[in-house]
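J.: Show me how the following folds:
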Amino acid sequence: MFLWAGWHPEVALRYLPVVAEIKKLGPDVSVLEVGSGGLGIAPYVRFNITGVDIRFSPPFHPRLNRIKAKAVRLPFADKVFDAVVSVDTFEHLPGKDREKAISEMLRCTRKLAVIAVPCGQLSYLQDKKLNRIYRKRFGKKYRFFDEHTLGLPEEKDIIEAITNACRTVHLRVNLTILNNENLKLRQFLMNGWMTKNLVKNIFFRKVLLIALPFMSLINNPPVYRKIFVINKK
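T.: Take a look at the predicted model:
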C-alpha cells in the first residue's frame with residue numbers, strides 16, 4: 001500500500017470498494033474519474049488516472065491528469081476508457097443532469113461504470129449535523145457540507161436515472177448496488193477529523209488507517225452512501 005501515502009481513513013472507505021471493482025478488469029486498465037477534484041481516486045491506485053471536473057483545487061496528485069469539463073459533456077470519444085467512475089459527485093448535480101451524466105459515462109466506457117452517491121434523508125440529516133459542528137468549532141462553513149443543503153438523492157432516483165440512461169443509449173447492463181459506510185461509523189470518523197488538536201488529528205487521519213480492513217466491513221444499514229456498479233453486457 002506504499003505506506004498509505006496520501007490516504008485518509010474516511011476517504012479511503014469511499015474509494016476502496018470502487019478500486020476493488022476496477023481491479024476485476026485486470027491489470028493495465030484506463031480509468032476516467034468524473035468529479036475528481038485535485039486528488040480523487042488517484043492516491044488509492046498504482047496507475048495514472050484521467051480526472052474531469054469544472055474546477056480543480058490543490059493539493060494535486062501526480063498520477064491525476066486533470067481536464068476541465070462538465071459531467072454532462074465529456075470531451076472524449078466513445079468507449080475510450082475501460083472504466084469510468086464517479087464518487088460523491090452526483091449529489092451535486094441537478095436531478096435533470098444526472099441521466100445525461102450517466103449517459104456520458106456509459107458512452108465513454110468500454111466495460112464498467114461505477115457511481116458512488118450519498119443517498120437518503122438520514123445521510124442528509126447527518127451532513128446537516130456535521131455542518132453545525134464544523135461551524136461551531138472553526139467559525140466557518142465547510143463547503144462540501146454546505147453544498148448538500150438542498151438534500152440528497154434517494155436510491156430509487158439514481159436507479160431511475162441509470163435505467164433511463166441505458167434506454168437512451170440502447171445498452172443492456174448488469175447493475176449491482178453496494179452499501180457503503182455505516183452512518184455511525186462515518187459520524188465517528190468525521191467528528192474526530194474536525195479537530196484543532198494535533199494528536200487527535202494524527203489519530204483520525206493516519207493511525208486509524210491500520211483499522212481499514214475492519215472498518216471496510218462495517219456497511220450494515222443505515223449507510224451514508226450507495227455504490228452503483230454498472231457492467232456492460
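
J.: Mind checking the pLDDT average for the host helix or strand of residue 225?
T.: Using DSSP states H and E, residue 225 falls within strand 223-232. The average of the pLDDT scores along strand 223-232 is 98.

J.: again, but for stretch 84-91
T.: 96.

J.: Next: stretch 192-208.
T.: pLDDT averaged over stretch 192-208 gives 92.

J.: Next, the distance between the ends of that stretch.
T.: When the termini of stretch 192-208 are compared using C-alpha to C-alpha, to the nearest Å, they are 11 Å apart.

J.: which outside residues touch it?
T.: The contact list for stretch 192-208 (C-beta atoms under 8 Å, 6 or more residues apart in numbering) reads 4, 8, 9, 10, 130, 133, 134, 137, 138, 189, 215. Heads up, the C-betas are built off the backbone N, CA and C, glycines and all.

J.: Of those, select the buried ones using a ChimeraX command.
T.: Buried members of the contacts of stretch 192-208, defined by 16 or more other C-beta atoms under 10 Å, are picked up in ChimeraX with:
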select :8,9,10,130,134,189,215
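
J.: how about a markdown table for the contacts of stretch 192-208, with distance to residue 51 and secondary structure added?
T.: Below are those laid out as a markdown table (distance: C-beta to C-beta, whole Å; DSSP: H, G, I helix; E, B strand; the rest coil):
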| residue | distance to residue 51 | secondary structure |
| --- | --- | --- |
| 4 | 21 | helix |
| 8 | 17 | coil |
| 9 | 22 | helix |
| 10 | 20 | helix |
| 130 | 26 | helix |
| 133 | 30 | helix |
| 134 | 26 | helix |
| 137 | 30 | helix |
| 138 | 28 | helix |
| 189 | 24 | helix |
| 215 | 26 | helix |
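
J.: and residue 226, how many neighbours does it have?
T.: 22 (other C-beta atoms under 10 Å).

J.: Could you do the one 3 residues further on as well?
T.: Applying other C-beta under 10 Å, we find 21 residues neighbouring residue 229.
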